[in-house]
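Enquirer: Got a predicted model here, sequence first, then my questions.
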Amino acid sequence: RATRGVMASLVEEQDADSEPEIGTEALSASTLAILQVFLDEKKEAEAAEGVSENFGLSQFWYTDATAQALARAAMASADAAQAGALGGGGDASEAAEAAGDASIAILCSPTCLKGMRQTAEGAERRNVKILEYDHRFGQTYPDEFVFYDVHDPQGLVDANPNMAAAFDAVLSDPPYTDAATVRLTMDGMQRLAKLPITPTEAGARPGVDFTPCLFVSALLSRDTFLEFGFRPTTYRLSFASKFATPMYTYTNFEPSLVPALGLGAWLDDGDIGDQQNANDGAGEAEAEGPNPSPGGGGAGEAEAEAEGHR
C-alpha cells in the first residue's frame, strides 16, 4: 500500500494522459518501471470502469466477487423484508414476487452497486440509490446517484425529503471506522430506513419490526455497533488493491435467518475478542488518526477539513 501511495502522489502531479515528467530524473530505473506499470494499470482501470480509486477519499475498491456478494446480501435482505418473510414473518413466495421492487440504499459503497449490476438478479434492479460524496459516480450512475456527506445526515434528508423512511434495506461502508463516523453513519441510516434499525426485543422480525441493515467496518468500534444491535459476521471481504486492515460485514439480524444472504454467521463473542486483539495493532499501523474504510467514498480527512465538514 505504501508503494501505491507514493505512486498516487506522483500521478497527482502530472496529467494522467502524459508520460512521467515531474521528479522522474531523480528516480531509479526500477522505480520508473514501477511508476509506469502503475500508470498503465490506472489508465486501464479508468477506461474499463470510468472511475478509479481516489486514495484521498479513502477509496479502496472491492474485488468483483466481494462486490457481488454484498450486493446479493442487500437484495436478499430488502426483498425478504418487503414481504415480511425474514425470521418467519411471512411466506417466501411473497418475497420472490416482491423481488426487484424492494428499495435499497447504498451508502459510500459505489462498487457494491457495480457488483449488483454484474449479477443476473441485479442488472435491471429498480429502487436502488447510491449515496456518495464523490460526484464522479453521478456520471457513472446518473439515475441512482445522490450526493451524501457522512458528516451531515440531516442535510441528506433535508435535500431529499422523499428519501426519509423510504428504504427496505440499507448497506453502508463509510470512509472511516472510528466511533464518531460510525455513529454519524448510523444516524443517516436511521433517517433512510422505513423502520428502526435497532432491534428492541428478542424475537424482533426484520422487515416487520426493524429494517435489515449491513455495515462494513473493522472490529475497532465493535462496542459502538453492539449499542445499535449490530454484530460482525464470519464473511471476510477482499479488495482489488492491497488494503491491509481486516474488514467485516456487520448485520443487525442473525445472518442464518436469510440463507440467500451468503455472509456466514455471526462471530461468537470469544471469536470477536480474539479477532479484536489480533487486529488492533494492524489497524493502528495502517493509518494515522481515523482508520480508513475501503469500499466507497466520503469526505477524505483533508478535503473534509478544507470544506468545513469536520
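Expert: Cool, the structure landed.

Enquirer: same question for stretch 208-228, mean pLDDT?
Expert: Averaging pLDDT along stretch 208-228 yields 89.

Enquirer: Buried ones in that stretch, by neighbour count?
Expert: 209-222, 224-225, 228 (16 or more other Cβ atoms under 10 Å). Backbone N, C-alpha and C define where each C-beta goes, glycine included.

Enquirer: Take the residues you listed and keep only those in helices.
Expert: Secondary structure assignment by DSSP state H places 222, 224-225 of the buried residues of stretch 208-228 in helices.

Enquirer: Looking at those, spot the one nearest T140.
Expert: Taking Cβ to Cβ as the measure, T140 lies nearest F225 of these, at 30.2 Å.

Enquirer: Please report phi then psi for P259.
Expert: phi -50, psi -30 (degrees, to the nearest 10).

Enquirer: Make a markdown table from the ones in helices among the buried residues of stretch 208-228 and add distance to A76 to it.
Expert: A markdown table is the format used below for those (distance: Cβ to Cβ, whole Å):
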| residue | distance to A76 |
| --- | --- |
| R222 | 24 |
| T224 | 26 |
| F225 | 21 |
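
Enquirer: of all the residues you listed, which comes closest to T181?
Expert: Comparing these against T181 with Cβ to Cβ places T224 closest, at 9.8 Å.

Enquirer: and the gap between the closest one and F215?
Expert: 10 Å (Cβ to Cβ, to the nearest Å).

Enquirer: which residues are common contacts for these two?
Expert: V182 (Cβ atoms under 8 Å, 6 or more residues apart in numbering).

Enquirer: helix/strand/coil for the closest residue to F230 other than its chain neighbours?
Expert: Spatial nearest neighbour of F230, chain neighbours left out: Y250 (4.2 Å); criterion: Cβ to Cβ, 6 or more residues apart in numbering. Classification of Y250 by DSSP: H, G, I helix; E, B strand; the rest coil places it in strand.

Enquirer: show me where pLDDT drops low in the stretch 1-150 of the chain?
Expert: 1-27, 39-60, 85-100 (pLDDT under 70).

Enquirer: quick one: the helices in it?
Expert: Chain-ordered helices for the stretch 1-150 of the chain, with DSSP state H, counting those that start in this stretch as the definition, fall at 2-12, 29-49, 64-83, 92-98, 110-118, 136-140.

Enquirer: same question, the stretch 201-310 of the chain
Expert: Using DSSP H, counting those that start in this stretch, the helices of the stretch 201-310 of the chain run over residues 222-227, 269-286, 301-306.

Enquirer: can you pull the contacts of the nearest residue to G207 once chain neighbours are set aside?
Expert: Closest residue to G207 apart from its sequence neighbours, by Cβ to Cβ, 6+ apart: A81 at 2.9 Å. Residues counted as contacts of A81 (Cβ under 8 Å, 6+ apart) are 102, 168-169, 206-207, 211-212.

Enquirer: Could you provide those residues in CSV, with additional columns for distance to I34?
Expert: Below are these laid out as CSV (distance: Cβ to Cβ, whole Å):
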residue, distance to I34
A102, 46
D168, 46
A169, 42
P206, 48
G207, 50
T211, 46
P212, 44
